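In: sequence-free structure coming up:
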Ligand SMILES: O=C(O)C1=C[C@@H](OP(=O)(O)O)[C@@H](O)[C@H](O)C1
Ligand SMILES: C=C(OP(=O)(O)O)C(=O)O
């Protein structure tokens, strides 16, 4: 049980470099592993989820060394992975599991993937079913982990995705690299596009149409290792962007954050709510970065729906917190995907916010929140429910409360942001 910092005396002030992007760190390991030659990742995210990916590829026979945040991968090529001697441990990481299902479906060996209790409850048919249309032979446990993948020759497909999910899309792209012909995928909605951007940088022939939802994948690319600086994770920066907006008298600058536009939903939402956000030092590239400065502001309520969700999917607990301090009623819909994350994030946000007396109501696919009502602590024992993002959002919420609060399961931050509490302390 951790004692949380409650209402700070002064505003939050300072500059921070947040850890490397989780999505890009996972992909850096995976794509480096299946390339020829050496890949070096700088500012790699050394959190549990990305370490699960790193260890899994070591078990697949890929030489990978890590020295702090620098990872060196001696790629074995698309056909050079080796059958592991035991099941691969996915830990808590949905991204590792789903992307690896796509990659391993086309290999010439059998693999079993296992995970922790939370991951073992998350749906895997969303990946195994479309992969089966490509000829993949995957056995799930009633749609969940453990999953056994009997690698086989895959064939090309023309497939319309049924869920707006970058993990499902990425699994299909990785399978399509190993198919007999060219595949075409059409997304329901644009989702984060790191797989497309990064695989192209490694040498894959992937075309993305201007409609942002149609992706053509040509098989059997020659992938070559490269050196990559992982940008700061927008999803981690988002905690401090929210905190700086809500704690009066704050100014926080977040350095070198990835601003890929499939990830900047929180910035647009904050702007629409009257937040004070500005960017500087914009560095264009495959994955652009910028410094983001946020000042405290009085916020107005917002309504967001399905089309807004993918670019802010992991930050929705923070949008709920912003709404809980806005001067009116906010509505978030189209976010049913939150129910199948590390926890049912709709249910746990409502449970935890109610402990602080926040006027929040669950919808099947979102929330209604009345931020005009004052908060009133009803239960001072907060709980992450083992979900890293819930633990961190409750730590930010605590900054707005003037009674002592504790957090159970604070260790869950190690999944995506082990330095979270230390970084927060530097701003106080
Ligand atoms: O592809 C990725 O790296 C991710 C995609 C998203 O999941 P879905 O694809 O399930 O939406 C996101 O929630 C997750 O944190 C990371
Ligand atoms: C949903 C998340 O990750 P994953 O799906 O990789 O477990 C997250 O980081 O919020």
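Out: Nice, thanks for sending it over. Everything numeric in this text was worked out from a predicted model, so none of it was measured. Ligands and ions are numbered 1, 2, ... in the order given.
In: for residue 333, what are its contacts?
Out: Residue 333 sits next to 303, 304, 305, 306, 363, 365, 366 when contact means CB atoms under 8 Å, 6 or more residues apart in numbering. Yep, even glycine has a C-beta here, placed from its N, CA and C like the rest.
In: what separates stretch 64-71 from the chain centre, distance-wise?
Out: 21 Å (CA atoms, centre = their mean, to the nearest Å).
In: surely residue 251 is in contact with residue 278?
Out: No - assessed by CB atoms under 8 Å, residue 251 is found out of contact with residue 278, at 10.6 Å.
In: picking that back up, and the contacts of residue 333, which is closest to ligand 1?
Out: Using CB to the nearest ligand atom, residue 306 comes nearest to ligand 1 of the contacts of residue 333, at 12.8 Å.
In: roughly how far apart are that closest one and residue 164?
Out: Here residue 306 is placed at a distance of 8 Å from residue 164 (CB to CB, to the nearest Å).
In: and if you look at residue 52?
Out: Residue 52 sits 24 Å away from residue 164, going by CB to CB.
In: between the two, which one's more packed in?
Out: residue 52 (26 against 20; other CB atoms under 10 Å).
In: check which helix or strand covers that one.
Out: Residue 52 belongs to helix 48-59 when assigned by DSSP states H and E.
In: ok now that helix, how far from the chain's centre?
Out: Worked out by CA atoms, centre = their mean, helix 48-59 lies 16 Å from the chain centre.
In: just confirm yes or no for that helix near ligand 1.
Out: No - judged by CB under 6 Å from any ligand atom, helix 48-59 stays clear of ligand 1, getting no closer than 8.6 Å.
In: who touches both of residue 251 and residue 278?
Out: Any residue near both residue 251 and residue 278 by CB under 8 Å, 6+ apart counts here, and that gives residue 293.
In: for the two, indicate the residue with more neighbours.
Out: residue 251 (16 against 13).
In: sketch out the helices for the stretch 201-350 of the chain, chain order is fine.
Out: Using DSSP state H, counting those that start in this stretch, the helices of the stretch 201-350 of the chain run over 234-246, 265-272, 316-323, 345-355.
In: out of those helices, flag the one nearest ligand 1.
Out: Closest to ligand 1 of these is helix 234-246 (CB to the nearest ligand atom; 7.0 Å).
In: if we can go back for a sec, who's in contact with the helix holding residue 52?
Out: So helix 48-59 is contacted by 22, 25-26, 29-30, 33, 44, 64, 66, 71, 73, 84-86, 88-93, 95-96, 100, 414-416, 418 (CB under 8 Å, 6+ apart).
In: restrict those to those near ligand 1?
Out: residue 95.
In: in helices only, show me the contacts of helix 48-59.
Out: Secondary structure defined by DSSP state H assigns 22, 25, 26, 29, 30, 33, 95, 96, 100 of the contacts of helix 48-59 to helices.
In: I'd like those as CSV, with pLDDT, neighbour count and distance to ligand 2 appended.
Out: Formatted as CSV, the ones in helices among the contacts of helix 48-59 follow (pLDDT from 0 to 100; neighbours: other CB atoms under 10 Å; distance: CB to the nearest ligand atom, whole Å):
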residue, pLDDT, neighbour count, distance to ligand 2
22, 99, 24, 6
25, 99, 29, 11
26, 99, 26, 8
29, 98, 26, 13
30, 99, 27, 13
33, 99, 29, 18
95, 98, 22, 3
96, 99, 29, 7
100, 98, 27, 11
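In: closest one of these to ligand 1?
Out: The closest of these, once distances to ligand 1 are taken by CB to the nearest ligand atom, is residue 95, at 4.2 Å.
In: now for the residue nearest to that closest one when sequence neighbours are not counted: which residues touch it?
Out: Distances taken as CB to CB, 6 or more residues apart in numbering put residue 26 closest to residue 95, at 5.1 Å, once the chain neighbours are dropped. Counting by CB under 8 Å, 6+ apart, residue 26 makes contact with 49, 50, 53, 93, 95, 96, 99.
In: now swap in residue 418 and tell me
Out: By CB under 8 Å, 6+ apart, the contact set of residue 418 is 19, 46, 47, 48.
In: as JSON lines, those with pLDDT would be great.
Out: Converted to JSON lines, those look like this (pLDDT from 0 to 100):
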{"residue": "19", "pLDDT": "98"}
{"residue": "46", "pLDDT": "98"}
{"residue": "47", "pLDDT": "98"}
{"residue": "48", "pLDDT": "98"}
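In: out of those, who's nearest residue 348?
Out: The nearest member of the contacts of residue 418 to residue 348, counting by CB to CB, is residue 48 at 19.5 Å.
In: state the distance from the closest one to ligand 2.
Out: Going from residue 48 to ligand 2 by CB to the nearest ligand atom, to the nearest Å gives 10 Å.
In: burial of that residue, as a residue count?
Out: Neighbourhood size, residue 48 [other CB under 10 Å]: 19.
In: relative to residue 137, how far out is it?
Out: 30 Å.
In: returning to what we had before: any chance of the ones in helices among the contacts of helix 48-59 in TSV, with distance to residue 428 too?
Out: Converted to TSV, these look like this (distance: CB to CB, whole Å):
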residue	distance to residue 428
22	25
25	28
26	31
29	34
30	37
33	40
95	32
96	34
100	40
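In: who in the chain is up against ligand 1?
Out: Within the chain, the positions adjacent to ligand 1 are 23, 94, 95, 165, 166, 167, 170, 192, 313, 314, 337 by CB under 6 Å from any ligand atom.
In: so of those residues, which ones are in strands?
Out: Residues of the residues of the chain next to ligand 1 located in strands (DSSP state E): none.
In: closest one of the residues you listed to residue 423?
Out: residue 314 (17.5 Å).
In: return the residues of this structure in contact with ligand 2.
Out: Within the chain, the residues that sit near ligand 2 (CB under 6 Å from any ligand atom) are 49, 93, 94, 95, 314, 341, 342, 389, 416.
In: which residues sit in contact with the nearest residue to residue 36 once chain neighbours are set aside?
Out: Counting by CB to CB, 6+ apart, residue 36 lies nearest to residue 77, which is 5.2 Å off, once chain neighbours are set aside. Contacts were defined as CB under 8 Å, 6+ apart; by that measure residue 77 touches 34, 35, 36, 223.
In: in strands, which of the residues you listed appear?
Out: Using DSSP E, these in strands are residue 36.
In: filter the contacts of residue 77 down to the buried ones, PyMOL style.
Out: Buried subset of the contacts of residue 77, written as a PyMOL selection, criterion 16 or more other CB atoms under 10 Å:
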select buried, resi 34+35+36+223
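In: JSON lines for the contacts of residue 77, including distance to residue 422 and pLDDT?
Out: Listed next are the contacts of residue 77 as JSON lines, based on distance: CB to CB, whole Å; pLDDT from 0 to 100:
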{"residue": "34", "distance to residue 422": "35", "pLDDT": "98"}
{"residue": "35", "distance to residue 422": "34", "pLDDT": "98"}
{"residue": "36", "distance to residue 422": "39", "pLDDT": "98"}
{"residue": "223", "distance to residue 422": "37", "pLDDT": "98"}
